[in-house]
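1. Could you work out the structure for the sequence below:
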Amino acid sequence: MIYPILSSLYPIMSSNQDEDLWRMIHAEVLIASRSTFALLAAQIHQGKKVVVPMWSHAAAMGLTSKYDRSGFDVFY
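-> Numbers count the residues shown, from 1 in each chain. As a prediction, the model looks like this:
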């Protein structure tokens, strides 16, 4: 299986929240979870693509509305 090899080469999570946020902001593609921590990283993301789940916070931010200019890909 390739996942243990990748996780040993490229740790996705550390014990430092600041480092985790920095990595999320500077990732080429950010696939966010249902958390405000991930939405914060999505708002100031500097990569190419952001994918966020549609849930109450995303709807409150106006994602997928006619005023949405974020460029986020939303999934259900």
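2. which residues sit against the longest strand seen in the chain?
-> Of all segments of type strand in the chain, defined using DSSP state E, the longest is strand 49-53. Contacts to strand 49-53, defined as C-beta atoms under 8 Å, 6 or more residues apart in numbering, come from residues 28-34, 38-39, 42, 58, 63, 70-76. All C-beta spots, glycine's among them, are computed from the backbone N, C-alpha and C.
3. could you check the distance from the residue positioned nearest the centre of the chain over to Lys66?
-> Among the residues of the chain, the one closest to the centroid is Ala32, at 3.1 Å (C-alpha atoms, centre = their mean). For Ala32, the distance to Lys66 equals 22 Å [C-beta to C-beta, to the nearest Å].
4. quick revisit: quick one: buried residues of the longest strand of the chain?
-> 50, 52-53 (16 or more other C-beta atoms under 10 Å).
5. Render the CA-only coordinates of stretch 40-54 in CSV, please.
-> Only the C-alpha atoms of stretch 40-54 are listed here, as CSV (Å, rounded to 0.1, in the frame of the first residue of the first chain):
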residue,chain,number,x,y,z
LEU,A,40,-10.0,29.8,7.7
ALA,A,41,-7.3,28.2,5.7
ALA,A,42,-9.6,28.1,2.6
GLN,A,43,-10.3,31.9,2.9
ILE,A,44,-6.6,32.8,2.8
HIS,A,45,-5.4,29.9,0.6
GLN,A,46,-2.7,30.7,-1.9
GLY,A,47,-2.7,27.6,-4.0
LYS,A,48,-4.6,26.7,-7.1
LYS,A,49,-7.8,25.0,-6.0
VAL,A,50,-10.0,24.8,-2.9
VAL,A,51,-12.6,22.1,-2.4
VAL,A,52,-15.1,22.6,0.5
PRO,A,53,-18.1,20.6,1.7
MET,A,54,-21.5,22.3,1.6
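6. Let me see the mean pLDDT of the longest helix along the chain.
-> In the chain, with assignment by DSSP state H, the single longest helix is helix 17-26. For helix 17-26, mean pLDDT is 90.
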